[in-house]
Each structure stands twice: as C-alpha cells, then as structure tokens.
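Q: A predicted structure for the sequence below; I have some questions about it.
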Amino acid sequence: MQFFFEVLIGGLLAGVMYSLVALGFVLIYKASGVFNFAQGAMVFFAALTTVGFISMGAPFWLAVALALLAMAALAFFTERLVLRPLVNQPQITLFMATIGLAFFIEGIAQLTWGAQVHALDLGIADEPIEWLMGNTGMNISKFDLVASGIAAALVAVLAVFFNKTRTGRALRAVADDHQAALAVGISLHRIWVIVWMVAGFVALVTGLLWGARNGVQFALTFLALKALPVLILGGFESIAGAIVGGLIVGASEKLAEVYIGPHVGGGIESWFPYALALAFLLIRPEGLFGERRIDRV
Amino acid sequence: MTEQPDTFPRLLLHQARLRPARPAFREKDLGIWKTWSWAQVADEVRILACGLAAQGFERGDRLAVIGDNRPRLYWAMMAAQALGGVPVPLYQDAVAAEMAFVLQDADIGFAVVEDQEQVDKLLEVLPQCPRLKRICFDDPRGLRHYGQAELTAFEDLQAAGRGFAQHNPDFFADELGKGRPSDVAVILYTSGTTGQPKGVSQTHAAMIQTARVLVAFDGFVEADEILCYLPMAWVGDFLYSYAQMHIAGFCLNCPESPDTVMTDLREIGPTYYFGPPRVYESILTQVMIRIEDAGWLKRRLFHAFMAVAKRVGIGILEGKPGIPLRDRLLYRLGEILVYGPLKNVLGMSRIRVAYTGGEAIGPDLFDFYRSIGINLKQLYGMTETCVTVCMHASGDVKLETVGPPMPGVEVRIADTGEVLVRSPGLMKEYHKRPDATREAIDAQGFFHTGDAGYFDSGGHLKIIDRAKDVGKLADGTLFAPKYLENKLKFFPYVKEAVCFGQGRDKVCAFINIDTAAIGNWAERRNLPYTGYADLASQPAVLDLIRECVEKANGDLAQDSTLANSQIRRFLVLHKELEADDGELTRTRKVRRRHIADKYAVLIDALYSDKTSCYVETQMRFEDGRSGTVSADLQIVEAKTFGAAAARKAA
Amino acid sequence: MTAGRKIGRPILEIDGVSLAFGGVVALQGVSFDVREHEIRAIIGPNGAGKSSMLNVINGVYHPQQGTVAFKGRRRRNVDPHEAAQQGIARTFQNIALFRGMTVLDNIMTGRNLKMKSNFLQQAVYWGAAKREELEHRAKVEAVIDFLEIQHIRKTPVGRLPYGLQKRVELARALAAEPELLLLDEPMAGMNLEEKQDMSRFVLDVNDQMGTSIVLIEHDMSVVMDLSDRVVVLDYGRKIADGTPDEVRNNRGVIDAYLGVAH
C-alpha cells in the first residue's frame, strides 16, 4: 500500500508539470481559438534564453526578467506578424501558421544560444524528503514538491487575474464571444498580445522547472506532444481541465508502468496516456471540463 | 425600568436612547446593504413627522402607506403615529378600484407610496377620493414629468420637515406627549371572504401588549434578525416586524426587490421567520427541483440523508430520548453533508423560531422542515385578535393543533363548536361598522372567530373547519366534513374526497383517486390500466385506498371528539369531480350539496348494506361533447378503531 | 410623455453611404442624421439593409462611398472597439452576451472602456485597481437597478430566459454610458408583456439619461410609439424619412410593405 502511494504521489507531482504545459495551450485556445503548436517551442525558447543570459554572467533573477521581456516581445511580434494578417482565416490555417512559428522559434533559439544541452540549477536539490522517508518510508522528491508548489502558486495568480481584474474579464469575454467583445470596446489585438504574453510567462515557468529537472535541451519542444492527452482528457477550454487532466496523466502513466508494465514487457509509460486519451475521446469528446456545445437553430 | 413606554412613538425614542447605535433597519439598495441605527431612525421619523405636519397632517388624520417593504414606508407609519395619526397600510398589488374603497372608507387625506406604479393608481382614483390631498413618493423614477399638485418627492418632504423642525423645535416632543395608549395605532383591512373589506382598528395598547407577550414567549432580543417580505398591509407584518422591533429592539431587513427574497434571505440569515404554508411549500418545491437537476452523487446523498432525517430528525429536534447512537451519528453526518448546506442555501441556518399559520399545513411539509432541524411552529389568530390566540411553544409542537392559548388570552368553545376569544389584543372596532362590530364581539367581550374547533387532551386548540360548515352526527357528536376530507387528501393517492354524515349514524365517503400518483404506483407494480375509470375499479387500488382510509381512521380514533367520525364505508367514484359538471367550484372546492343530489343513489347505497351499486352519470368531455358514463361501483368497508386499539395501530 | 426632453443638434450624420459585398449591394447612397436625445427608428422589409446600416455606424463594415460623422467629426474606417470608445454602444439581433459569465460580469465588461488602470497596474498596483473596480461596480449597480434585474445579478447568462438576456444586453450597453445607443431588434421574439417592459426601458433610457437611440424593429406599433423620426430603407435605398405619421402615410412606404413589384 505504501508503495502504491509512493508511486501515486510521484505520478501526481509529475502530472503537475504536464498541467503547466497544457495550461499554456488552454490560455491561447480559449482566447483566440488557435491550437498553438508552438507552445513547446516557447517553453524551449524561454528556458534557453534564461540559461543563455546566465551563461553570459547575469544573475538568475535578472536572467529571468530578461527572458520574460523576450517572451513579451515574442508575443507582440507574433500578434503583429502572424495573427493579425491571418484574422478571420480558418482555424486550420492558423494552426499551420503556429507550426511554422514553432520551427522559427526553435531556429532563433538555437541560432542565438547554441544547440548544446545546458544545465539549469534552481538551487533545489532533487533528493528525497528525509522526514517523509524516515516516517513513512516513502520516497518523494523535494524538487517535485517545490515545483508543484510553484505551479500551484502560478495557477492561483492566474485565477485571480482572470476573475478579479478588468483584463481578465476582457480575456474571458473574448473567449466567449468575439463580436460582443468588440462591441463593448475590447480590442482583440490587445487581448491577443496579452494572452500570448501570459502564455509566454507560463512557458517560462514551465521551461525553468522542466529545464532544471532534465536539462535545457531541444527535447523540451516535445512537451507539446505530452500536453495532447492532457488536453483531450481535460478539454481544450478549461483551466481546471488542464490541471486535472495533467494530474490524471501523470498518475496513470506511473501507475500503469509499475502495475501493468511488467505484464506486457514494460515501457508503457510513454504511450499509455495516449491510449487513455483515445479511450476517453470515445466516451466524452468534449473532455472532462469542456463545454458541450449545443448550437441552437 | 420604571414606567414602560405605552405608545409606539415613545417606544421608538426609548429604543433610540437604549441602543442608539444598534441597527434598526437594513435595506439592500444598489447591491449593498445599508443600515440605519435606532438613533438615525428616530431622527428620520422626527423629520418626516415634521414634514407631514408642515403639509397639514393633524392628530387623528389617516395616512395610507402603499408599497413593498421599504424602510421609508415603515418610517412613514412611525411618523403618522408620532403625530397622533393612524397609518393605514394597503396591499401594494391591489388594483386602483380596490384602493379607492379603502381610501374612502378610512377618510384618507395623505399617502406615502413607493413608486410610479402606486402613484398612477392613486391619481386614477383621485376624482373619487376628494379627501386625498397629498401623495408623497419614495422612488422618483418615471415621475419627473408629473405635474400634479398633490405629489411630493420624499426628499422634498424631508426638506420641509427640517425647515419645520427648525422653527418649531419642541413640536415633535409635544406631539409625542399627547399620545395615549388607547388611541388607534393602525387600521388594517381584512380581505373578508364576502362583501367589502372591513377596517380593523387596533390600539397602541392592544398591539404593544400582544407584542410584549410574544417577545417574552420566544425570548426575542436585539440580536435577532427578521426579513420582512410579507405585505405591510397584513397584520402579521405589523405585529411580527413593526410591533416586535419596538419591544425587542431587533433589526428589520428589507429585501432588495420581491424577486430577490431568496438571495436576501441567504445574505441576512434571519433568526426568526414567518410564512404561510404556501411559502414553505414553494421553497420545498424549489429544493426538490434543484435536487432533481443535481448530479448523481448529490441526489443520492440528499435522498439517503433525508431518509435519516425523516426517521429521527424530529425526535432529535424535540430532544426525545431513546434514539440509537448510530442514528444520532448519522444525523450529525447528515447535518454536515446535507441539512447544513441546504439550510444555508435557503437562508435558514440561523433560524431559531419559524412560524406558519393562516391555513392547515401538510404533514409532509411540516415534518420536512422540522426533520432538518428548523423549529417550525404553528399559530392561530386573525387580524381582529392581533393574531396570537394560540401558539406552539418550542418543544410542545403537534402537527394537528395550533397550540395552547397564549398567556392572557381566554379561549372558549361555544355550543356550536365555534371558537370564541377574549384577549388584550382584541380590536377596538371595525372602522365605521358598528353593526359588524356588535355582531363579532358579544356582550361578555368575546370575539366570534367563525372557526370551529376544540381542545385536545393536552390543552392544544385544534381548528377543524369554518363554524358554519360543521354539523352533528345523529348521536350529537361533532361532524366536520372538510376536516375529514382534508385528512384524506393529505394522502397523495387521494385527489378529492366528499364526506357525508350530517344527521346520520355514521360517516361515509366518496373518493376520487389521483390518476398520476396511482398510475405511477400501478406502473411500478406492472398493473396495466387504461385511465381513471379503469384504475378506480381495480381491486388492488381499492385495497390501497382502504389502507389510507383506515390509517385516517386510526388517527381519528385517538381523538375523543372525532372518534365517531371514522369513515365506515366508502366508494371510489367512477369519474373525476369536475367544475364543468358543477361538482366543484372554480377554485376547486367541493360542492357538497350538489354532489349529494346528483349521486343520491350512491349515498343511499352507502347507508344500506349493499356491497355494490350501479350508476349512470351525464358528463361533459374535454372536447365539449357530453355523454353518459356508467359503472358498477364497489362499496368498501373500512376498519374502524376503538380508542385503545387505535393507540396500538398508531 | 417626452415633454422634458430637448432634441438638439445632429449627433450622427450619415452622408451618401454605399456598401456592397462583392456584387451584392447592401446600401446605396443612404443619408440621414440622428439628433441628440432623439429616438430614431430604421425600418424596412427583410433584406432592406437595416442591420448593415447599424454595422456601418458601429464600424463593423466600412462603406465604400460616403461618410459617417459622429459628434461633428468625420471618421475614417473605425473599428467597432474604436466606435465604442467614441461613445457608441449597441445590442445585437441574436444576443451577443458572454454566456459563461454572470450577469454582473457581463455588465462590468461594458465598463471596460471607462477603466483607467492598465494591465500592469492591475497586476502590480492592486489597491488602486481595486478601488477603481468598486467605483465601476457602483455604476453597474445603478444600471441593474434601472433595468430591474437585481434578482439575476449572480446568474450565468446562459441560464436566463430569452427576454431577460435581451435586458442584460441592454444593461451592458448602458453601462458604457454611451451617447449613441444602437438597438438591433430589441423586442424580437418577446411576448407582449416583455415588449411593454422593454419599450418602457427604452423610453426611460432616452428620457432620464438623454441617450440618443437608433432602433431597428419589426413591430410597427412599437416603432410608431417609441420613435421621434423614422428612416425607411428598401433594397438598400432610403425611400422615406420623417415622423411616424408622415412615414405611415407615405406612398412609397406603403408600396414597399405591401410588396408592389419594382
């Protein structure tokens, strides 16, 4: 039983990281209806920019601030150069555009900072929590716990921002009905810049946490693929869905690996979430928290 | 305390001295609860009284108050009383013609009203009411272009009052000094089932005395909260809200609008609540609808714990011994998971005392509230007696009764079964109706309520019917058909019942089954059926109804007065009673005489020893055609109980 | 009824506006004006170009020819949100509310333009932004009171019946304190009682807030009761313009409505 909990908690903590990636997708999808394929590239870009500045001798916080600035600039130019010219185009066109954007961002990142793997040290050791180890015998990583704490704080900040501020309300309004949002004087362009900036901010946090764990490397871009089952489970439009979806994916892949894996020869961690998502797609295509759209005639 | 204040204005000043900073009124306006302290209210009332005086309001003048429950309208009543005048609250939803009657009957010269809607009505009847010379309105919306000389905005009246007060600084205190407790404090119009409404004149002394008794009875204190949402023209609001706040010093909360009462209840969380049964019923209906809409888990939880509450909740509320620990724990858990959140949603978390009255409350309804821990009690009274004739004391509550007489109230049962009342809260008179007053109050000072009732063994009064509808069986014991019929109709399977027995040796009944409820029941048992007539003739259904009748008989047997009214024989009618066929009134009340004539054959059969009877009836179908239906009706014998057996059966 | 209201100078001037989508002509050389504090109706058969006209006024469509001047300033190709900034608010024929948000939040979005604190201030300088939020909330509450929708303040809009949604949409437009209010079939699909309520609100808005109103409506009795002047469009052209009485007796209008072949 204790082993089960150890696996479960480890899985949930890893799931928090998936949630973060999915969150970036949800934010942009909600506000502009665009499935942003470049989210993974943005994570990579943000992390690489931070370590790049650090390697140039900048103190950690300054590097983070500069990376944040870079993300803001990226959001601004994306809106100007990609989204605005394509306004009112079909979703698939915008999706294709984000694929192009992804290659572009990856290219820029590697051109600027080089392609080698960088280590990133956030000053949190990836070691078991001794107190827990001593008292319950469970092996829970301190780093995972802190990372989850940071992720939770980020989600809380976003929740306050969305529900309590004018811009948050405007973001929700745009997500709900473009036409009405325009009529009350909300500028779509401005909102798009803001939402890409927020997604960039989320990408930065994600990139730092993942980068610190696995090294800042090109593989970070594949995180986008990891987010897919999370989004299918949780629904593309729900922040709560992204969080719960991430937790489910994290926990289920670890549990499946440990309990089902040995019977089928192991290695199922990498594909189990997709199978789960596929099964889920058959039962509830709109996701756990997605809106079931009933179009009235 | 040396001398207790004996008029409402003196009580107001007394409260303002005693607890100047405590809240006296709250009102939700523009989304925010605004509060007025007792000191502020006393000042507002002084200004308002001066304003009215400036407009020529004199001692003995009458002031109409019309609108939803608003602090300013309550203050207007206080101001009129301070000047020795008489407030006359009117029902705000009355049409202009109805208002005209009251305005004329009460010789009303001044009115303070809520808004344009009421102003329009008064202006419409102005030509018929020449005495009405001043109309003050609270909400100016839509009235900007009204030029009538009679109209004053509330703010202008206040301004006039301030000016007047400056020139006559002692005026208000002087006027207060002139008031006597025997002055009429309010005239409340009763709708009356027949004829024109009558104005009931109540004195300061009667209202204050009654309110003091009530405050002592349930221990009201300044910390209590009440939401006043029932019409100001109704005696209950005047007594429970207005009079009691003057004695106990608690705060009146006025809802934002009539549509927001449920939300406001939740925000205020009153400790003290009054509603007629229909209010409790509509709240319960809303709960049930929401539960049916809720998720699977919530629904299961709700039903599971409501079953627990039904089993032990009332016992726990009444502190009865002998409830198993397991049930107590389950109920405690239910309180956390279901009852608590439910009460919170209903705004009933803080309720100490809740009352209902005015008409009989269904047992399921009554038990529902009591089982989730709401101390719901019944009371009995009318405008003429300042309500408060009988009342349940906490811990001594019976569904069937309205409780024992209140302290200071004498209740007698006349030979006819009519309930007579003598109390300090008795009205002074019907306004300008000495004839009606003489008819209602006899030489000994007893008020004839028109209700028939009797005392049970515990000293509780039980109201059974209107006195004129009550008769006697052949052996001289009481026969109250409507009471029996209601008892049967509380069973969901029984839609209508008609009881016979006047001058006969036993009681027999016709019954209409409830097609929906019995149809449902039949489906669950896989009994095929085609419609009402088919269901009504099925032996299984007759058995089901017999069980209901016997259960009712069991109850009746416990009651020495009504034991003889147990239903010996009944039949289930082959058709539903219809207003179109003249069997019901348009308000769906049974027309007993007409039915007795129409189905004389069946009645004869009930009182013979036949076991079935053939009948043929003309009826009108829904599409307007008419035709005959015929059937061979079974007559069913129901078990009756002796008093001892009854106790066992129950 | 409208004795206290002073109709003033033109606030909106439409001059020779033409609009076409591909080869389809929606508006052709339409000119009219709307004066301050006036209720101006646009009527016409289906497809006459009424909604296109409204969309031109609030900047959804940009006319190929002609000019639109608001408050004496000719404008070039404004966007809807710029039109909103200049003081033009509107409602839509098929209700465009934020269905997932509460009534209160929906109406608060109407205040969006009046809020001064910017994105960063909201993120960092929490105190001032919060104070500002409260001030705007008070304004919104006044609108809620005005339209008598207190009881649904916290209800998500998607759950409301149609008639109330229309009222919420009007509330959101009013929250922006517009100088010009565009109402696109405010009474479509309402029952008689709801129509009466809505008419009363429209008149009250005009009377008490002094807002100029442009109204598209199919129910002729409503149009005749409410409006000061009426523009009649048919196949994208203006065929009549005048007081309700003048329009009612206009030959061309009668023909258009009776469907005389052109």
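A: Yes, it's here. Residues are numbered from 1 along each chain as shown, chains lettered A, B, ... in the order given.
Q: Might one say that C:Thr243 is in contact with C:Val223?
A: No. Counting by CB atoms under 8 Å, C:Thr243 does not reach C:Val223; the two are 11.6 Å apart. All C-beta spots, glycine's among them, are computed from the backbone N, C-alpha and C.
Q: Specify the local secondary structure of the spatially most central residue of chain C.
A: In chain C, the residue lying closest to the centroid (CA atoms, centre = their mean) is C:Leu182, at 1.3 Å. Put simply, C:Leu182 is strand when judged by DSSP: H, G, I helix; E, B strand; the rest coil.
Q: Give me the number of neighbouring residues for the residue lying closest to A:Ala63 once chain neighbours are set aside.
A: In space, and not counting its chain neighbours, A:Ala63 is closest to A:Phe53: 3.7 Å by CB to CB, 6 or more residues apart in numbering or on different chains. Neighbourhood size, A:Phe53 [other CB atoms under 10 Å in any protein chain shown]: 20.
Q: ok, A:Phe53 to A:Ala219 distance?
A: 21 Å (CB to CB, to the nearest Å).
Q: Mind checking which of C:Thr243 and C:Val223 has more residues around it?
A: In this view C:Thr243 and C:Val223 are compared by other CB under 10 Å, and C:Val223 has more residues nearby, 21 against 12.
Q: Report the contact partners of that one.
A: Residues in contact with C:Val223 (CB atoms under 8 Å, 6 or more residues apart in numbering or on different chains) are C:41, C:43, C:215, C:217, C:230, C:244.
Q: By neighbours, which of the residues you listed wins?
A: C:Val230 (28 neighbours).
Q: Pop out the phi and psi values for the closest residue to chain A within chain B.
A: Nearest residue of chain B to chain A: B:Gly295, at 13.5 Å (CB to the nearest CB). When read as degrees, to the nearest 10, the backbone of B:Gly295 gives phi -70, psi 170.
Q: Could you dump the contacts of C:Val223 into CSV with distance to chain A added?
A: Output for these, formatted as CSV (distance: CB to the nearest CB, whole Å):
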residue, distance to chain A
C:Ala41, 20
C:Ile43, 22
C:Leu215, 16
C:Glu217, 19
C:Val230, 24
C:Pro244, 28
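Q: Inside strands: which ones of the residues you listed?
A: In strands, defined here by DSSP state E, the members of the contacts of C:Val223 are C:41, C:43, C:215, C:230.
Q: thinking the third one is in contact with C:Arg40, fair?
A: Yes. With contacts counted by CB under 8 Å, C:Leu215 reaches C:Arg40, the gap being 6.9 Å.
Q: overlap in contacts of those two?
A: Joint contacts of C:Leu215 and C:Arg40 (CB under 8 Å, 6+ apart) are C:Ser227.
Q: any idea which of the ones in strands among the contacts of C:Val223 is the one closest to chain B?
A: C:Leu215 (19.9 Å).
Q: Would you mind listing what in chain C touches chain B?
A: C:1, C:3-4, C:137-138, C:141-142, C:144-146, C:148, C:150-151, C:153-154, C:204, C:207-208 (CB under 8 Å from any CB of the partner chain).
Q: same thing but 7 Å
A: C:3-4, C:138, C:141-142, C:144-145, C:150-151, C:153, C:204 (CB under 7 Å from any CB of the partner chain).
Q: Quick check: can you list the domain ranges of chain B?
A: Listed by automatic domain parsing, the domain ranges of chain B are B:8-272, B:275-374, B:393-469, B:471-649.
Q: swap in chain C?
A: C:1-87+C:180-262, C:99-177.
Q: residues contacting the residue of the stretch 501-650 of chain B found nearest chain C?
A: The minimum distance from the stretch 501-650 of chain B to chain C, using CB to the nearest CB, falls at B:Arg586 (24.2 Å). Neighbouring residues of B:Arg586 by CB atoms under 7 Å, 6 or more residues apart in numbering or on different chains: B:Ala579.
Q: From C:Arg9, how far out is it?
A: 60 Å.
Q: How many residues are close by the residue nearest to C:Phe201 when sequence neighbours are not counted?
A: Excluding the flanking residues, the one nearest C:Phe201 by CB to CB, 6+ apart is C:Leu147, at 6.0 Å. As a burial measure, C:Leu147 scores 20 neighbours (other CB under 10 Å).
Q: C:Leu147 and chain B, how far apart?
A: As defined by CB to the nearest CB, to the nearest Å, C:Leu147 lies at a distance of 11 Å from chain B.
Q: picking up where we left off before, would CSV of the ones in strands among the contacts of C:Val223 with distance to B:Phe154 and pLDDT be doable?
A: Formatted as CSV, the ones in strands among the contacts of C:Val223 follow (distance: CB to CB, whole Å; pLDDT from 0 to 100):
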residue, distance to B:Phe154, pLDDT
C:Ala41, 36, 94
C:Ile43, 41, 91
C:Leu215, 34, 94
C:Val230, 39, 93
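Q: Go through those and name the one nearest B:Met262.
A: C:Leu215 (35.0 Å; CB to CB).
Q: Quick check: beta-bridge partners of that closest one?
A: C:Ala41, C:Leu183 (DSSP bridges).
Q: Was I right to think it contacts C:Leu183?
A: Yes. The pair C:Leu215 / C:Leu183 is scored as a contact, 4.7 Å apart, by CB atoms under 7 Å.
Q: what's the spacing between the residue nearest to A:Asp121 when sequence neighbours are not counted and A:Ala199?
A: Spatial nearest neighbour of A:Asp121, chain neighbours left out: A:Ala212 (6.8 Å); criterion: CB to CB, 6+ apart. The gap separating A:Ala212 from A:Ala199 is 20 Å, by CB to CB.
Q: higher neighbour count, the two?
A: Neighbour comparison, A:Ala212 and A:Ala199: the larger count goes to A:Ala199, with 26 against 21 (by other CB under 10 Å).
Q: same for the host helix or strand of the more buried one, what does it pack against?
A: Using DSSP states H and E, A:Ala199 maps to helix A:188-214. Here helix A:188-214 touches helix A:2-32, helix A:39-55, helix A:60-78, helix A:142-164, helix A:166-176, helix A:178-183, going by 3 or more CB pairs under 7 Å, 6 or more residues apart in numbering or on different chains; DSSP states H and E.
Q: relative to helix A:60-78, how tilted is that helix?
A: Inter-element angle recorded for helix A:188-214 and helix A:60-78: 140 degrees (by axes from the mean of the first three to the mean of the last three CA atoms, to 10 degrees).
Q: Just say helix, strand or coil for the residue of the stretch 101-250 of chain A found nearest chain C.
A: With CB to the nearest CB as the measure, A:Gly185 is the residue of the stretch 101-250 of chain A nearest to chain C, at 3.1 Å. Per three-state DSSP, the secondary structure class of A:Gly185 is coil.
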